[in-house]
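>>> Model the structure of this input:
(chains A and B)
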Amino acid sequence: MVELINLSWIIPLFAIVVISIIPSKVKPYVAVAAVILGSLATGWLAVNALISQVVDFAFYAGTFLGNVPIRIDGLSAWFILIINFTAVTGAIFGTGYLKAYQNSSSKLALHWSLFVLFHFSMVWVCILQNGFAFLIAWEIMSLSSMLLVIFDHHNSQTIKAGINYLVQMHLSVVFLTVGFIWVYSQTGSLSFDSIRTFFQTNSNRWLFLVFFTGFGLKAGFIPLHSWLPHAHPAAPSHISGVMSGVIVKLGIYGIIRMISYLQSDFILLGEIIITLSVLTGIYGILNASVHRDFKKMLAYCTIENIGIIGIGIGIGLIGIGTQSPLMYFLGFGGALLHVLNHSLFKSLLFYSAGSVYQQTHTRDMEKLGGLFKSMPKTAFIFLIGAIAIGGMPPFNGFVSEFIIYSGLIEGIHTDSIYQIMLMIMVLAGLSVIGGLSVLTFTKTFGTIFLGQPREIPQHKPHEVSTLMLVPQYFIIAFMMSIAFLPQVFLNIIKVILDGMSHPGFIDSISISFYSKTAANIGLYSLFFIGLMGMIWLIRSSVMKRRRMATGTTWGCGYIAPNNTMQYTGKSFSKPLGKIFTFLLIEKKRFKELKPGEIFPEKRNYDSHYLDFFEFNFIETITKYLIKWSGYFRFIQNGRTQSYVLYGIVFILLLFLLTIFNIIR
Amino acid sequence: MLSFILILLAALFFTGVINRTKSILSGRKGPGIFQPIKDIIRLFKKGMVYSNTTSLIFQLAPTIYFSSVIMAMLVVPFGQSKGFISFHGDFIFFAYILALGKFFSIIAAMDTGSSFEGMGASREALYSMFAEPAFFILLGSMALLTGQTSFQEIFATLHLGSPISYALAVLAAFVLGMIMMIENSRMPIDDPKTHLELTMIHEVMILDNSGFDLGLILSAGLLKFSIYGALIVNLFIGMFPYEYTIPMFFAIQVLAAVITGTIESFMARFRMSHNAQFIFALTSVSLLIFFGVLMLLGKFI
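Below you'll find the predicted structure:
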């Protein structure tokens, strides 16, 4: 066991050295090999942890940290497996995606060594159980992902997004550090077990909320989400896929990890999380529906799914508080399963969006159209992702959403009227999220892939290389296995949740009942596919005997339609945007037609949507911060004399303070 | 299985009855009540015309739409007999499988590259989104009232309580009836008989479908009507023996069709820009049911 743990850091280090010296053509393959080998090492440990024993030992890390405990329990194992799968597909996809950069050797070397480091740090975030060591791994993860985001560093927008991400991630670190120091000051230990000790003797809610803010920044709960819509579009697609699929989920990992130490205040915290989550979900998908940059739309959609996962977590917490093992299971089980599901279909969507970007060099869906004909495989992959993320059967998204819905319905049957109302409201909210995601993804898929090209592309788009398609097929195969055999995954989740709660809290009878229901859903999904196949067969056999003709689309009698007359994505979601003007702030830039203007000149019209929280709060705060710090600008004036003076003042100050015994 | 056959039978005449009501009320003799079925059979026999713009999605969509409606039909129970598919939380499955069908009909409309069909698609997506919370709050309240979570058990248990639950059932019938109108794009949300593409919703989405595909779409429409009709019937029949419930089923279905026809004869369509608000107002009726349930259960002190 220890050898495998050691292997998991030796491989990346070795790979980084190798990547920097070999020719750039081979670099990606070495990186892929390193990611796969590292994944096998930690994956083996994780599988072991799920099947039989928890991996648990400590290593000595100097006098300051002492013994750093390393533990792979069910929860860590679940996240490690998710990280490994997504990182492997991301690395393989990235190999094809970055083919065009084969000549820029230094860029590729940096990118792939960072990718290996990034993968390694994510895995280690899940297994370190000492606050300080955890923060180091967390920091390596944030920094390496930030450097991966700014791959395209000649673009000023990308740099801006990278800095935004960097700053917000350090805000998150500040909160986490405060949390760990608080625990340290009360218990004298940095290990995670001491958090439980802390919760046993102190008030639970405040420390938990500090951690929740820290991890919530990573996960993207509103109003802490604003880094996502900047960082995801800026990053290369395989990086956005891994970031959205996994790095965001590590925020969720942190939250669930902290929950496993909680001792009281379950209902209050559950209610806070569930309310925040349903708002996050609705806010995320509303924004996703109006944006025309399709990677930005996917980023907002990630926020929506974090909301759905958060709803599950909230149900689970309320379940612990009301002593309802079923709600606990359905809530956390749904959340964990949705974490897996979302990591699959979101990375799938980002990869296929990346394929579109690689071929068309635009992220603006209004310039696209009709790609189904030139890139049919990518189109089908995107379609499968879109249906799955909308939570529709027969794909895996439905299974996890169904479990979360079941948790809500289970939560209705209690005595507390507040809880009943909360659950009904969340139920309605979740259904709105479902409806809106249908709108969002029909719009996106329809605008990008269907109809005809809205602009003549400079290069004719082609289907992407097999190297890029294969990892996506793997993801789809995995998704289908969850859709058809959900009971297998629910049983694994049961093991994880058993390990997290007091022994005997989960009662097996009602839960095995739900896994039977889930198994049935798998069967019904298969049946549904069979039904579709049957009707399709009937249709094709009838079609053989019928006359087929082609013509132009019915244009209501207009005989000279052109491609720009198609319905645009913008107009598709405009009615929705109009209803929610208070949340979706639209900024338009155009020159008004003057009253006396007889011959109008050529003019431009430009409109885009702003993020409510970013526009109203974050920008105001940063504006005042900048204004305030402007008053201190005189300190840095560029004159050597004054810098020498600062030194003298400082020494003088020290001298005086020592004389008057203020510092010793 | 019983519900499956009954819904099929009701679908045969539902739209016909609507049309007949409308023609009688406007002083015409009108076509026979099986005319819609005859039209569909005629369509099944015809060839097809495809637009050059469309792709495979356009051909797949009607099949998937039709299958999703069949699948939803299998979930609907009838009194004491369960649907073909019945499990805890099956109403979620019902809503989501219908959403899948809608997803495909929307993207098929966008596949034609027509501005009109895109407009209809956008409206369909928006309006059905607003109808979702009404349905879920309604079923959530029913689940709360009965302590059950599957269609059949909810409907069966609904009748064991106090007679006041029938008052709630009437409200619930109203909500389901309105959802039926939204799902089938009838008045007062959408006017199927309008001649202007700009003001259509569902009709404009299927402008380019023809032959077998159009037949599938139309028959799915007929089935959808009687599916929602069957849900309404289920609110009232409870555990009565079949010799009463089966005639009741047809009576209520015919009544629903006649009411629809009457509404369409005497009402104008709502303003398109106000439709969203109107549909969302249904949620408040659902909330009313929810508060009624809370009162019945004595949760308000």
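>>> Just the mean pLDDT for stretch A:13-24, thanks.
For stretch A:13-24, mean pLDDT rounds to 86.
>>> For residue 171, give me its contacts.
In the absence of a named chain, this looks at chain A. residue A:217 (CB atoms under 8 Å, 6 or more residues apart in numbering or on different chains). Yep, even glycine has a C-beta here, placed from its N, CA and C like the rest.
>>> sorry, should have said chain B
B:285, B:288, B:289, B:292.
>>> repeat for residue A:380
Neighbours of residue A:380 in contact, by CB under 8 Å, 6+ apart: none.
>>> Starting from residue A:445, give me the distance back to it.
11 Å (CB to CB, to the nearest Å).
>>> how about the nearest residue to residue 134, chain neighbours excluded?
I'll assume chain A. residue A:128 (4.7 Å; CB to CB, 6 or more residues apart in numbering or on different chains).
>>> Can you look at chain B instead?
residue B:282 (4.1 Å).
>>> quick one: contacts for that neighbour?
B:130, B:131, B:134, B:175, B:178, B:179.
>>> closest point of the stretch 1-150 of chain B to chain A, which residue?
residue B:118 (2.2 Å; CB to the nearest CB).
>>> Now do the helices in chain B.
For chain B, the helices identified by DSSP state H occupy B:2-25, B:35-44, B:56-75, B:90-111, B:115-146, B:151-157, B:164-183, B:202-205, B:211-237, B:242-266, B:272-296, in order along the chain.
>>> For the residue of chain A found nearest chain B, which three-state class applies?
Per CB to the nearest CB, residue A:567 is where chain A lies closest to chain B, at 2.2 Å. Counting by DSSP: H, G, I helix; E, B strand; the rest coil, the backbone at residue A:567 sits in coil.
>>> Neighbours of it, how many?
24 (other CB atoms under 10 Å in any protein chain shown).
>>> Touching the lowest-mean-pLDDT helix or strand in chain A from outside, list them.
Lowest by mean pLDDT, DSSP states H and E among the helices and strands of chain A is helix A:62-65, with a mean of 70. By CB under 8 Å, 6+ apart, the residues outside helix A:62-65 that reach it are A:130, A:132, A:133, A:190.
>>> list the contacts for the residue nearest to residue A:134?
A:68, A:69, A:70, A:134, A:137.
>>> Ramachandran coordinates for it?
Residue A:128 adopts backbone torsions of phi -80, psi 130, taken as degrees, to the nearest 10.
>>> For residue B:207, see how far away residue B:197 is.
Taking CB to CB, one finds residue B:197 at 7 Å from residue B:207.
>>> Below-threshold pLDDT in the stretch 401-550 of chain A: ranges please.
A:502-504, A:508-509 (pLDDT under 70).
>>> Any idea which residue is closest to the centre of the chain?
Picking chain A for this. Residue closest to the average C-alpha location in chain A (CA atoms, centre = their mean): residue A:244, at 3.0 Å.
>>> please go with chain B instead
residue B:180 (3.5 Å).
>>> How about the contacts made by the closest residue to that one other than its chain neighbours?
The shortest distance from residue B:180 to any non-neighbouring residue, by CB to CB, 6+ apart, is to residue B:228 (3.6 Å). Residues counted as contacts of residue B:228 (CB under 8 Å, 6+ apart) are B:176, B:177, B:179, B:180, B:183, B:184.
>>> hang on, the earlier thing: can you pull the residues that touch both of residue B:197 and residue B:207?
Common neighbours of residue B:197 and residue B:207 (CB under 8 Å, 6+ apart) are residue B:116.
>>> Can you pull the poorly scored residue ranges out of chain A?
A:1, A:61, A:502-504, A:508-509, A:664.
>>> my read: residue A:379 touches residue A:369, true?
No: using CB atoms under 8 Å, residue A:379 is not in contact with residue A:369; the gap is 11.7 Å.
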